[in-house]
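> Give me the fold of what follows.
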Amino acid sequence: MALLKRLPVLVLAGLLAGCTGGGPPHDLPTVPQTAPGATPSTDRTTTMTPTTGPAEAPRRVTPDDSGTTFSLRLGATSAFVLRDPSAPDPEVDGSSVLVIPVLNIQDAGVREWELRAVAPGTTTIRGAGASYEITFLVQ
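Below you'll find the model as predicted:
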């Protein structure tokens with residue numbers, strides 16, 4: 001009879017013990033621990049080095065981005081937008097990015113091109129008279 005009274009407590013204790021699992025959840029990264037009093041700089045198990053290189057191209061690129069180098073993954077797209085509807089087409093140097101005119105049915109007051117990364121390499125787009133110059137690195 002005494003065992004029957006304690007059975008709910010034993011079941012609850014077993015359930016709670018099973019919930020802790022004894023380890024970190026599989027979807028969370030583990031963080032290296034340091035000994036008490038140790039400085040993290042001397043006890044690191046891994047060293048992370050920052051990656052340097054061009055920033056990923058935003059969804060829209062404009063002449064305001066002149067002088068910038070952006071990266072594009074193979075197959076990725078971005079848009080190049082000129083706010084002047086009478087501006088000439090950009091000059092393209094390189095074949096890693098296709099520069100495809102976007103034909104707007106309505107007059108939006110801008111000119112737009114799709115930039116599509118098609119091959120590894122570098123492509124630069126320039127404005128007439130070197131008014132802007134933007135480089136794309138395709139990886």
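
> And the strands in the protein, which stretches?
Assigned by DSSP state E, the chain shows strands spanning 55-56, 60-61, 69-72, 77-82, 91-93, 97-102, 111-117, 121-126, 133-138.

> Which residues does the fourth one contact?
Meaning strand 77-82. With contact meaning CB atoms under 8 Å, 6 or more residues apart in numbering, strand 77-82 is reached by 57-63, 70, 72, 90, 99, 102, 110-117, 125, 134. Placement of C-beta: from N, CA and C, glycine included.

> before we move on, what about the second one?
Strand 60-61 is contacted from outside by 70, 78, 79, 80, 81, 115, 134, using CB under 8 Å, 6+ apart.

> Mind checking the pLDDT average for it?
The average pLDDT within strand 60-61 is 96.

> so where's this structure uncertain?
1-51 (pLDDT under 70).

> The contacts of strand 60-61: which two are farthest apart?
Across the contacts of strand 60-61, the longest distance by CB to CB is 14.2 Å; it joins 70 and 81.

> Of those two, which one has the most company?
residue 70 (19 against 16; other CB atoms under 10 Å).

> Just grab the bridge partners of that one for me.
Assessed by DSSP bridges, residue 70 has beta-bridge partners residue 55, residue 136.

> and it, what is it in contact with?
54, 55, 56, 57, 58, 61, 78, 134, 135, 136, 137.

> what would those residues look like in CSV with neighbour count and distance to residue 94?
Output for those, formatted as CSV (neighbours: other CB atoms under 10 Å; distance: CB to CB, whole Å):
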residue, neighbour count, distance to residue 94
54, 14, 14
55, 9, 19
56, 11, 18
57, 26, 14
58, 12, 19
61, 21, 15
78, 20, 15
134, 23, 12
135, 18, 8
136, 26, 8
137, 19, 10
